[in-house]
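A.B. asks: need a structure here:
(chains A and B)
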2 protein chains.
Amino acid sequence: MSRGFHQRLRAVWESQDSQLCVGLDPDPSRFPGHLRTSDPAKIPGAIARFCIEIVDATADLVCAFKPQIAHFAAQRAEGALEEVCQHIREQHPQVVLILDAKRGDIGSTAEFYAVEAFDRYLADAVTVNPYLGTDAARPLLERGGVIALCRTSNAGSAEVQDLDVHGRPLYLHVAEMVAQRWSEWGDCALVVGATYPAQIAAVRACVADLPVLVPGIGAQGGDLEASVAAGLDGTGRGLMISSSRQILYSSGGEDFAAAARLEAQSTRAAINQAASASGIR
Amino acid sequence: MSRGFHQRLRAVWESQDSQLCVGLDPDPSRFPGHLRTSDPAKIPGAIARFCIEIVDATADLVCAFKPQIAHFAAQRAEGALEEVCQHIREQHPQVVLILDAKRGDIGSTAEFYAVEAFDRYLADAVTVNPYLGTDAARPLLERGGVIALCRTSNAGSAEVQDLDVHGRPLYLHVAEMVAQRWSEWGDCALVVGATYPAQIAAVRACVADLPVLVPGIGAQGGDLEASVAAGLDGTGRGLMISSSRQILYSSGGEDFAAAARLEAQSTRAAINQAASASGIR
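C.D. replies: Residues are numbered from 1 along each chain as shown, chains lettered A, B, ... in the order given. Predicted structure coming up:
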């Protein structure tokens, strides 16, 4: 079930005409009133219900769902994450499922992370930190898709990622390592934040048609149009533009799922408009 | 309970005369026969029992316990990890508790990882990947100790970590960033593998008395004597020499905990002998 990350992604880009990824970052303190609870034992159930309603309301509009594991782990809600992932797999099998866990450890431990991502949570791909190098990523690549952090969306990402290595920033060395070496072992992609469109363009120029996951639009203030124009591949696809909070918390009322659908529709339309305006397709 | 990582570490170095860290990497396929089970629902209970017996058999010989979270997550055993951590906190409060999770995410998500490490698992410190920079580490540093990956023990760690940045390898830039910037926000340490004693010496030379966690002795083949000689601070302490598999699986029989104790005793003695031989104390 974890094989074929690229194949599934290319199919859903076409079938749903979407390069939108909805990030599932459940924060119980921002849930609508009817899902709030002060009983810690009931929070995992509320998280599962919230996420599944968002998933069902947006599944035909997206190329991927991306649950972020810290939001579940902080609430002792791994069971809810399993339930959400299984629901996505069974009810919306066309959609790519990305476990956003930013894993990275040496080989013998990476095998256990592969079991977590691909067997327990049924993911097509998992986000991975590149600092440990190719050998640490191999046990994951041999089991499923890997999306490596390249240039992250945080304000301080330049501190390490832009360090000058032989006249080029470190993040481009990482992009090249993933495109050349990691890709020998399995299906890869890269994370480049929408807060840095110029860096998206630089990465695209050095990785051919490798997919790029772009977080940071919406609540983080990234530039959607500039990111799309910078990141498209030669076919006018190539991106997973990820939005989380702006979609999840579009309404604080009982209509949160319907409101999320409207927000997802307008975000998908904006992505497609930016892609058309680019002239590539 | 998560404050005071450095203070607790310095106290236990002295009180137990130990710089040994026991890594808790439970692998049910290597458990002694009486703890093996083919029923997945019983594995978390076996993991908790195995780890707690190891902990009780070695607690007076170590400065730290370091549970590695992937080994629990792959078995749906977060509850067992909570039980082990709570047991360490209650029964062996003098020992430092390190959650080996190698986290690293942007600020809003890092806050959820802080809840996971410091509230849920009661850790004194959590291992963190430095690739995202200082702002991403701050929410963790403000809540507890942070141990940043610097030069990891895997065979391919040089691929990224030794990239030349202005005439110095990347991992020394990371060491300096952690020692200077991260340390403004909280108690830090660095990970440098025992497979690379020369790199331990280079890190020690640039971070004054910052503690260094040294994985890779035992099963990974790192050089204990050379690592200790390279890593001691000016007082003859400064290290957490971590051994996992060689201690946990010293015997495959019902005497596994007693065998682990013997192995921990001889490893602690070897560390102390290497420290004495160095002439620093």
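A.B. asks: what residues does the stretch 1-150 of chain A put near chain B?
C.D. replies: A:25, A:68, A:70-71, A:73-74, A:76, A:78, A:102-107, A:109-110, A:112-113, A:115-116, A:119-120, A:129-136, A:149 (C-beta under 8 Å from any C-beta of the partner chain). Where you see a C-beta, it was placed from the backbone N, CA and C, and this is true even at glycine.
A.B. asks: Only whichever of these are buried, select them in PyMOL.
C.D. replies: Command for PyMOL, covering only those of the residues of the stretch 1-150 of chain A next to chain B found buried under the criterion 16 or more other C-beta atoms under 10 Å in any protein chain shown:
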select buried, chain A and resi 25+68+70+71+73+74+76+78+102+103+104+105+106+107+109+110+112+113+115+116+120+129+130+131+132+133+134+135+136+149
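A.B. asks: So which of the residues of the stretch 1-150 of chain A next to chain B belong to strands?
C.D. replies: Using DSSP state E, A:Lys102, A:Arg103, A:Leu149 are the members of the residues of the stretch 1-150 of chain A next to chain B that sit in strands.
A.B. asks: excluding its backbone neighbours, what's nearest the residue positioned nearest the centre of chain A?
C.D. replies: With the centre of chain A defined as its mean C-alpha position, the nearest residue by C-alpha atoms, centre = their mean is A:Lys66, 4.7 Å away. Spatial nearest neighbour of A:Lys66, excluding adjacent residues (C-beta to C-beta, 6 or more residues apart in numbering or on different chains): A:Ile98 at 4.2 Å.
A.B. asks: Could you do A:Arg89 as well?
C.D. replies: Using C-beta to C-beta, 6+ apart, the nearest residue to A:Arg89 is A:Leu122, at 4.9 Å.
A.B. asks: I'd like the distance from stretch A:242-254 to the chain centre, please.
C.D. replies: What separates the centre of stretch A:242-254 from the centre of its chain is 16 Å, taken as C-alpha atoms, centre = their mean, to the nearest Å.
A.B. asks: Other residues contacting that stretch?
C.D. replies: A:20-27, A:30, A:32-34, A:50, A:54, A:58, A:64, A:66, A:68, A:213-219, A:256, A:258-260, A:262-264, A:267 (C-beta atoms under 8 Å, 6 or more residues apart in numbering or on different chains).
A.B. asks: Pull the number of nearby residues for the residue nearest to A:Ala77 when sequence neighbours are not counted.
C.D. replies: In this structure, A:Ala77 finds its nearest non-sequential neighbour in A:Pro44, 3.9 Å apart by C-beta to C-beta, 6+ apart. A:Pro44 is flanked by 20 other residues according to other C-beta atoms under 10 Å in any protein chain shown.
A.B. asks: sorry, back to before: turn the ones in strands among the residues of the stretch 1-150 of chain A next to chain B into CSV, including pLDDT and distance to A:His92.
C.D. replies: Output for these, formatted as CSV (pLDDT from 0 to 100; distance: C-beta to C-beta, whole Å):
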residue, pLDDT, distance to A:His92
A:Lys102, 97, 24
A:Arg103, 95, 24
A:Leu149, 98, 26
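A.B. asks: can you list these in a markdown table and add distance to A:Ser38?
C.D. replies: Shown next, in a markdown table, are these (distance: C-beta to C-beta, whole Å):
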| residue | distance to A:Ser38 |
| --- | --- |
| A:Lys102 | 31 |
| A:Arg103 | 33 |
| A:Leu149 | 36 |
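A.B. asks: Closest to A:Tyr171 out of the residues you listed?
C.D. replies: Set against A:Tyr171, the nearest of these by C-beta to C-beta is A:Leu149 (8.8 Å).
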